[in-house]
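Student: Quick one, what's the 3D model for this:
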Amino acid sequence: MRVALAGAALAVLGWAAAAPGNTLAPCKPGAHMIGGGAVRTFCGQAKAFMGIHTVDYQFDSGGRCTRTGGTFRIDIGTVTLRPGAPKSYYFGIAVRAAHDGTYRNQTVRWQLPGTRGSLTRVTVKLSKGLREGSFSGFVPGGGPGSGTFFCSS
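Tutor: Okay, here's the model as predicted:
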């Protein structure tokens, strides 16, 4: 009985570690290959929440916020580089911004296994010393989308 329970517990832990968005598995940052395709993985505590039409998405598999050369970026998850089909979850925003404020005409990009998407004509509001923010825009050829993001402290 103990062996069966231990085996079941290990199976559940294995499933939980492999579930999208779970942070139990160690993150391996940088460029590497997955299934024959080139990817780049971002690690850290950044998270984002996005609603498109009536569907909500949560990107919490690990990500980072950076400030380089007057640009604020948030990258979460693993981005599959073109021309490969997306294999993982990814969320990203890049804003020419050195301080908190409202920035118009930005772009939000995301990937889900098998598909890519974006919001255009996006307004990004950065706050708390570029540690969190919100965004709203439009899916090309579709309706509105919006969300929030948070960087690690």
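Student: Pull out the buried positions in stretch 101-110.
Tutor: By 16 or more other Cβ atoms under 10 Å, the buried positions in stretch 101-110 come out as 103, 106-108, 110. Placement of C-beta: from N, CA and C, glycine included.
Student: my bad, stretch 86-104
Tutor: Across stretch 86-104, burial judged by 16+ other Cβ under 10 Å covers 86-95, 97, 103.
Student: Same question for stretch 142-153.
Tutor: Buried residues in stretch 142-153, counted by 16+ other Cβ under 10 Å: 145-147, 149-151.
Student: Please apply the same query to stretch 68-79.
Tutor: Here stretch 68-79 shows 72-79 as buried, counting by 16+ other Cβ under 10 Å.
Student: quick check, nearest of those to residue 134?
Tutor: Of all these, residue 134 sits closest to residue 74, with 12.0 Å by Cβ to Cβ.
Student: OK, contacts around the closest one?
Tutor: By Cβ atoms under 8 Å, 6 or more residues apart in numbering, the contact list for residue 74 reads 46, 48, 63-65, 91-93, 149, 151.
Student: Out of the buried residues of stretch 101-110, which is nearest to residue 40?
Tutor: For these, the nearest to residue 40 is residue 110 (14.4 Å; Cβ to Cβ).
Student: Need the max-distance pair from the buried residues of stretch 68-79.
Tutor: 72 and 78 (20.7 Å).
Student: Now do the helices in this protein.
Tutor: Along the chain, the stretches classed as helices by DSSP state H are 2-18.
Student: hmm, which helix or strand of it has the shakiest average pLDDT?
Tutor: One helix or strand of the chain scores below all others by mean pLDDT, DSSP states H and E: helix 2-18, with a mean of 34.
Student: Need the contacts of residue 74 in a markdown table (columns: distance to residue 125).
Tutor: Below are the contacts of residue 74 laid out as a markdown table (distance: Cβ to Cβ, whole Å):
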| residue | distance to residue 125 |
| --- | --- |
| 46 | 16 |
| 48 | 14 |
| 63 | 19 |
| 64 | 20 |
| 65 | 15 |
| 91 | 17 |
| 92 | 17 |
| 93 | 11 |
| 149 | 10 |
| 151 | 14 |
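Student: just to revisit the earlier point, export the buried residues of stretch 142-153 as a markdown table, with columns for pLDDT and distance to residue 30.
Tutor: Shown next, in a markdown table, are the buried residues of stretch 142-153 (pLDDT from 0 to 100; distance: Cβ to Cβ, whole Å):
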| residue | pLDDT | distance to residue 30 |
| --- | --- | --- |
| 145 | 97 | 29 |
| 146 | 98 | 31 |
| 147 | 98 | 26 |
| 149 | 97 | 22 |
| 150 | 97 | 23 |
| 151 | 95 | 19 |
